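Generate a structure from the sequence data that follows.
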Amino acid sequence: MRSIGIEFTGAGEAGLFALESPPRPGPTELLVRTRFSGVTNGTERRGLMNDFGTTHYPLRWGYQHVGLVEAMGEQVSAFSVGDTVFQGIQDGHRGWHLVDIQRGRLLARHGVVGALASRQEAVFDHGMFHSLSASMEGSSHFTLEDLRILLHLVRLGTIRLAPMVSHRVPIAEAPRIYGLLRDKPGELLGVIFHWSPQAW
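Presented below is the predicted three-dimensional model:
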């Protein structure tokens, strides 16, 4: 388990920090080992650059994490050791997370992360995307057949989604990525850190 995390040490500066060993999970908690984490370019850059004007460093941001359940409390029955889970917890990019399942911060199995398509302007309140439940689906003016055609075109390679992720890097390269986010944010689209031992 990676016992490190990412920390903003000052305006425009990011580094790695040593993370303590995880405690045993409480009765309703999961210990999740991070496999991947995603950078939220706008939100994290605002924290990195102190765009709010009230940032107190050091600061740990990041809330898109995919990991494996390593251990769980005795009251947990909906998950098993080895399950892959996504959690949206604002406690920074880090090698492990202790997640209380009673707080609703994990996606239910087979849930919808998010699907939105529209042929006209759609307006959503900011809070709709930051609720504890991540089972939102929105649609407007398309049919199931439209989705089948889209899926077919993706499978053929006519439409490619991979370019949405511009960088897949080991967590050790996080300071370099945050340097790009500071100096050349337009060069980053989707950034995924991988936390595997081979990435170190």
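
Can you tell me how far the residue lying closest to G12 once chain neighbours are set aside is from G15?
Spatial nearest neighbour of G12, excluding adjacent residues (CB to CB, 6 or more residues apart in numbering): R182 at 4.7 Å. Using the backbone N, CA and C atoms, a C-beta is placed for each residue, glycine as well. From R182 across to G15, the span is 13 Å (CB to CB, to the nearest Å).

So what does the residue nearest to G12 look like in phi/psi?
The phi and psi values for R182, taken as degrees, to the nearest 10, are phi -70, psi -50.

what's the neighbour count on it?
For R182, the count of nearby residues is 15 (other CB atoms under 10 Å).

ok, it to E20 distance?
Distance, R182 to E20, using CB to CB: 28 Å.

now do L48
The value you get for L48 to E20, if CB to CB is used, is 24 Å.

neighbour count winner among those two?
Per other CB under 10 Å, whichever of L48 and E20 has more neighbours is L48, with 23 against 7.

How about stretch 56-65, which residues are buried there?
Neighbour-count burial for stretch 56-65, counted by 16 or more other CB atoms under 10 Å, picks out L59, R60, W61, G62, Y63, Q64, H65.

okay, who's weakest in the residues you listed by pLDDT?
The lowest pLDDT within those belongs to Y63, with 84.

Please name the nearest non-neighbouring residue to that residue.
Leaving aside its sequence neighbours, Y63 sits nearest to Q90 (CB to CB, 6+ apart; 4.4 Å).

For the one you found, give me its contacts.
By CB atoms under 8 Å, 6 or more residues apart in numbering, the contact list for Q90 reads W61, G62, Y63.
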